[in-house]
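**Q** need a structure here:
(chains A and B)
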Amino acid sequence: MRLSSKATTLLILAAVIAIAPVFFPSSYYFRVGSLIFVNGLAVTGLVILIGYAGQISLGHAGFAGIGAYACALAPVHLGLHPALAAVLGAALSAAIAFLVGRPILRLKGYYLAVASLGFGILVSMVLSNEAQLTGGPDGMAVPELGLRAVLKAIGIDLSNTEFWYAFSGLVLVIGAWLALNLYHSPTGRALRALHGSEVAARTVGVDVAHYKLVAFVLSAVYASVSGSLLALQNKFITPDVAGFMHSIEMVTMAVLGGAGSMLGAILGAAILTTLPQVLTVFQEYEQLMLGLVMMLVMIFMREGLLPSIARRIRGRAE
Amino acid sequence: MKFSLTTTALAGTLALVLGFAAPALADIKIGATLSETGPASFLGDPEAKTLKMLVEEINAAGGVNGEKIDLIVYDDGGDPNKARTFATRLVEDDEVVAVIGGTTTGTSMAIIPVFEDAEIPFISLAGAIEIIDPVRPFTFKTPHTDRMACAKIFEDMKKAGISKIGLISGSDGFGASMRKQCLEIIGEYGIEVLADETYGPTDADMTPQLTNIKGKDGVQAVLNPGFGQGPAIVTRNYAQLTVGLPLYQSHGVASDGFIELAGAEAAEGVRLPGTALLVAGLLPESDPQRAVVVAYKDAYEKATGKPVSTFGGYAHDALRILVDAITRAGSTEPSAIRDAIEGTSGLVGTTGTVTMTAEDHLGLDLSAFRMLQIEKGGWKIVE
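**A** Just a heads-up that it's a prediction; the model follows:
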């Protein structure tokens, strides 16, 4: 029996997440792993936006910021459980993405990139300047999720880093599963159609503006949830999470690995998350490297790392 | 085909990470995560240089209790999330016995839980009072707090018989935090704020705010909590408007750069609290800090060719406290080091004389600050 590509992708992802800990010499690697999954989740959202619909956003860190600060603020001011706060953050991100995207996505060209860029910078400015609410650039504490204590009570005792590895890994698999389902749905086909040619898509009756908006809103929710996971894991958050460089990092991860391929994009997230840990001496040149990687991939591997290499190997095998 | 390729690629990434895990052997391992690059690099860079210089010095002199120090420094670029990952790495992978760092308040607050969970002593180099208040068992810090700077300024005002002041503060993180700290304790000194103005961190002219303050009846002095270029512009505008009242600046601009930026003429007579390090050459022979700050200043300037900064001094003090604690503990057990740090008594550093207790993980009193006055483009100690 041949497995569908969807099942293969999910199986590979789940297997890697489950087996990798066997090779971890210390629990520091669980921390790096969970960061990869958190970034991978945001990048999965970008696969929907960039890979499926062919749109680009330079302000997704803004949504991550909303998700993160929702987890910090809602429990304090509204008395919500942190998990509900994350849901609230996702709803808020979706609403804002809808309001920002609705007028913009009627236009052709790079307007979404510019508008989202402005939106992202706006969010990080508000977070830095409204110091009495957000703690300003010094950041603020985030309450404990409490799930680890529940697991401990039923006999599953995990260390903090182990728990976040497992939990964010699980959320990533769920996120990837939803995104892959979308790919094979009528909405997914409409998105791919407008990616190929907006004119052709419109001719066959696809409401182009509507479907672009759907992709934008969905990807904003993914970014928001990834921000919430980061905040809950670190139990402390600063406006850096919404910074411009974080937006660029996300897009670079997606494009590096291959925005059209789920595993490729997650691989991109894995590479760019581990790279600063491996090359600690090159910290000064990190932004330079990001730009260089992006340019090289765009010039020599336009589909991204994984799809390009896969094609090359397949070509040689034939 | 696709399956094996993906697995290979992921395994490759993993191998890359694992290959980096080979731990070094023996010695006393001390970790640091500092913001050597990024927006806080003017703080983190002298801190990292100071630590490296001092560790070399200590090792050349035979180390601590006969063991060499192995210093592991990571550059977090001022990003709290990266700092958190490096902190986890220092504790879990490098297995250090103590950590210095957290250049900014943001990075320090983000990594405190890591050390408290792992029970590894941590000495922060950031300013905010939240780091040590409430006291956490394994967290310490070396820089004095904004509140202490406020207290020093108010003491000086009280001595001069000033009881009604105008406040003009920057709305950036530093200015806003110091304004808050000052207002919290101002009542204890019987001083009243008649005007409370603010300016944005990138404003180029503060004449309107200063005119407001000048127009208020009864104002006897003006205080400007701020950081960066703002206070220099305030000082220039203040001279242009000939306000004619004493002007107090904060420790945030206690550097020669401030006098250059404001101009010696406009800055004439400005008072501010600064550390002994800034006026190392002016300290009297009898000053207990003189030997320490002069030695550090000379060594740093010789090693790096750059002028010494207060921020490097924070790292200097942190390492001295740590080495002193390890020597007294006679052990490299993190909990023993923690107890010894808490027992630090009368240790002379660049920021002051440090005496810690279970309730005080900073250990500095107001003598840590010197009240300085700018005269003819230079500093004068006025106490």
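**Q** near chain B, anything from the lengthiest helix in chain A?
**A** Across chain A, the helix with the greatest residue count (assigned by DSSP state H) is helix A:208-234. Yes: for helix A:208-234, a contact with chain B is found by C-beta under 8 Å from any C-beta of the partner chain, at A:230, A:234. Any C-beta I mention is one placed from the backbone N, CA and C, and that applies to glycine too.
**Q** how about that helix: buried residues?
**A** With burial defined by 16 or more other C-beta atoms under 10 Å in any protein chain shown, the residues of helix A:208-234 counted as buried are A:208-209, A:211-234.
**Q** which strands and helices sit next to it?
**A** Packed against helix A:208-234, as judged by 3 or more C-beta pairs under 8 Å, 6 or more residues apart in numbering or on different chains; DSSP states H and E, are the following elements: helix A:28-46, helix A:60-77, helix A:82-104, helix A:160-183, helix A:186-196, helix A:198-203, helix B:80-88.
**Q** A:Gln132: which of those is closest?
**A** Of all the helices and strands packed on helix A:208-234, the one in closest proximity to A:Gln132, counting by C-beta to C-beta, is helix A:60-77 (11.8 Å).
**Q** just checking, what packs against the closest one?
**A** Under the contact criterion of 3+ C-beta pairs under 8 Å, 6+ apart, the helices and strands touching helix A:60-77 comprise helix A:28-46, helix A:82-104, helix A:111-129, helix A:131-134, strand A:140-141, helix A:208-234, strand A:236-237, helix A:244-257.
**Q** report the mean per-residue pLDDT for it.
**A** For helix A:60-77, mean pLDDT rounds to 94.
**Q** residue ranges in the chain under the pLDDT threshold?
**A** No chain in the question, so chain A it is. Within chain A, the ranges that satisfy pLDDT under 70 run A:1-3, A:109, A:281-283, A:317-318.
**Q** not what I meant, chain B
**A** When residues are selected by pLDDT under 70, those of chain B lie in B:1-26.
**Q** now the strands for it?
**A** Applying DSSP state E to chain B gives strands spanning B:28-34, B:69-75, B:98-101, B:122-124, B:139-141, B:164-170, B:192-199, B:221-224, B:247-249, B:271-274, B:347-348, B:353-354, B:370-375, B:378-381.
**Q** tell me which residue lies nearest the centroid of the chain.
**A** In the absence of a named chain, this looks at chain A. When chain A is reduced to its mean C-alpha position, the nearest residue by C-alpha atoms, centre = their mean turns out to be A:Ala42, at 0.5 Å.
**Q** chain B was what I was after
**A** For chain B, counting by C-alpha atoms, centre = their mean, the most central residue is B:Pro143, which lies 4.2 Å from the centre.
**Q** for that one, give its distance to chain A.
**A** From B:Pro143 across to chain A, the span is 14 Å (C-beta to the nearest C-beta, to the nearest Å).
**Q** got a list of what that residue touches?
**A** By C-beta atoms under 8 Å, 6 or more residues apart in numbering or on different chains, B:Pro143 lies in contact with B:125-127, B:314, B:351.
**Q** rerun at 10 Å
**A** Counting by C-beta atoms under 10 Å, 6 or more residues apart in numbering or on different chains, B:Pro143 touches B:43, B:124-128, B:131, B:251, B:275, B:310-311, B:313-314, B:317-318, B:351, B:362, B:364, B:368.
**Q** from those residues, which ones fall inside helices?
**A** In helices, judged by DSSP H, the following of these are found: B:43, B:310-311, B:313-314, B:317-318.
**Q** out of these, who's nearest A:Val22?
**A** Each of these was scored against A:Val22 by C-beta to C-beta, and B:Ala318 proved nearest at 38.6 Å.
**Q** contacts only, for that closest one.
**A** B:Ala318 touches B:30, B:32, B:47, B:50-51, B:54, B:98-101, B:122-125, B:140-143, B:341, B:349, counting by C-beta under 10 Å, 6+ apart.
**Q** contact partners for the nearest residue to A:Ile50 once chain neighbours are set aside?
**A** On the basis of C-beta to C-beta, 6 or more residues apart in numbering or on different chains, the spatially nearest residue to A:Ile50 that is not a chain neighbour turns out to be A:Ala259, at 4.2 Å. The contact partners of A:Ala259, taken as C-beta under 10 Å, 6+ apart, are A:43, A:46-52, A:54, A:56, A:251, A:253, A:265, A:268, A:303-304, A:307.
**Q** ok, A:Ala259 to chain B distance?
**A** A:Ala259 sits 16 Å away from chain B when distances are taken as C-beta to the nearest C-beta.
**Q** tell me the phi and psi of that residue?
**A** Dihedral pair for A:Ala259: phi -70, psi -20, per degrees, to the nearest 10.
**Q** ok, it to A:Thr252 distance?
**A** Remark: distance between A:Ala259 and A:Thr252 (C-beta to C-beta, to the nearest Å) = 11 Å.
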